[in-house]
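Q: Here is a sequence together with a model predicted from it:
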Amino acid sequence: MSEERVQRILLYCGVTGAVLFCLAPFGYMVLTGLSLRPDFLRPEIPLTLTALNFGTVLTDPSLHFLAYLRNSLVVSAVSATVAVLVASLAAYALTRLEAPGKLLILFFILGVSLFPQVSLVSWLYKFMATLGWINTLQALVLPYVAWTLPLAVWILYSYFTQIPRDLDRAALVDGCTRLQVLFRVVLPVAAPGVFSTFLLAFIFAFNEFLFALMLTADYTARTVPVGIALFEGRHGELPWGEIMAAATVATLPVVLLTLVYQRRIVQGLTRGAVKG
């Protein structure tokens, strides 16, 4: 057997093992959501598939799952949109405007992002209580924008630096303002990177737990991670089938976004914003 063939076999085995390792928890989650008994791995318990758990999660008004899902989608979409918009303005200014200390500003943004959430949550709760925003969607949007903004700035900064400044100069000569250059020239060219940044910010906000737990009180503003964590059965037991069914449904928006736009995401993460 040739060395090239051995390398190819090892590569395939490694990729297959990595994929199975990553997908095994999701497979178990889906099977648990579809099974009649959550302890189906025990030899004496047969695996009986049913859609009862999914039906309960989607139709039982006492669980409020659809309200949690709606809140998560709204908060994540608004937070990601605002974060990308503000980060685009910041990244464009840092890459195009001649200002001293730009590198220090970038490292300051990075340093701010290193503060753990738990060190800010008490002050944030007092601030939101002063504004009267406890148990509202805007109480989550504001910290989520601040939380995802450093990552968005750094990603977009790396993309914008690859865009030739000649495009800016040509647009300025044609009479465009700086904002028009950003929205009509730079952002369309950097579309793959912008969308990749939006998706990452969306996922970060969609999966966040601590702020959503501390700043919400009921289903009117509570998001999916907190809602699923607080699922409780009739006698205080954990309804694992319903929890796994809800988790499966909650992952669908992110999975669908990734599948539909995977080409642009991969293009944005590998080649940057400029086509060579």
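A: Nice, thanks for sending it over.

Q: what's around residue 248, how many residues?
A: 20 (other Cβ atoms under 10 Å). C-beta here means a position set from N, CA and C on the backbone, and glycine is covered the same way.

Q: now residue 42
A: Residue 42: 8 neighbours (other Cβ under 10 Å).

Q: Contacts only, for it.
A: Under the criterion of Cβ atoms under 8 Å, 6 or more residues apart in numbering, residue 42 has no neighbours.

Q: what's the pLDDT at it?
A: According to the prediction, residue 42 has pLDDT 78.

Q: is it true that it lies in a strand?
A: No: Residue 42: not assigned to a strand; according to DSSP: H, G, I helix; E, B strand; the rest coil it is coil.

Q: Quick check: it vs residue 35, distance?
A: Shown here: residue 42 relative to residue 35, a distance of 12 Å by Cβ to Cβ, to the nearest Å.

Q: Could you pull up phi and psi at residue 35?
A: phi -90, psi 150 (degrees, to the nearest 10).

Q: Tell me the spacing between it and residue 60.
A: With Cβ to Cβ as the criterion, residue 35 and residue 60 are 18 Å apart.

Q: In terms of neighbours, single out the busier of those two.
A: The residue with more neighbours, out of residue 35 and residue 60, is residue 35; 23 against 12, by other Cβ under 10 Å.

Q: Okay, and the beta partners of the more buried one?
A: residue 49 (DSSP bridges).

Q: how far away is it from residue 41?
A: From residue 35 to residue 41 the distance is 10 Å (Cβ to Cβ).

Q: neighbours of the nearest residue to residue 202 once chain neighbours are set aside, just the number please.
A: Counting by Cβ to Cβ, 6 or more residues apart in numbering, residue 202 lies nearest to residue 80, which is 4.2 Å off, once chain neighbours are set aside. The local packing of residue 80 (other Cβ under 10 Å) involves 24 other residues.

Q: can you pull the contacts of residue 46?
A: Residue 46 neighbours (Cβ under 8 Å, 6+ apart): residue 40.

Q: what's the pLDDT at it?
A: pLDDT at residue 46 comes out at 80.

Q: Any regions of the stretch 151-276 of the chain where pLDDT drops low?
A: Scanning the stretch 151-276 of the chain for pLDDT under 70 picks out the ranges 233-236, 264-276.
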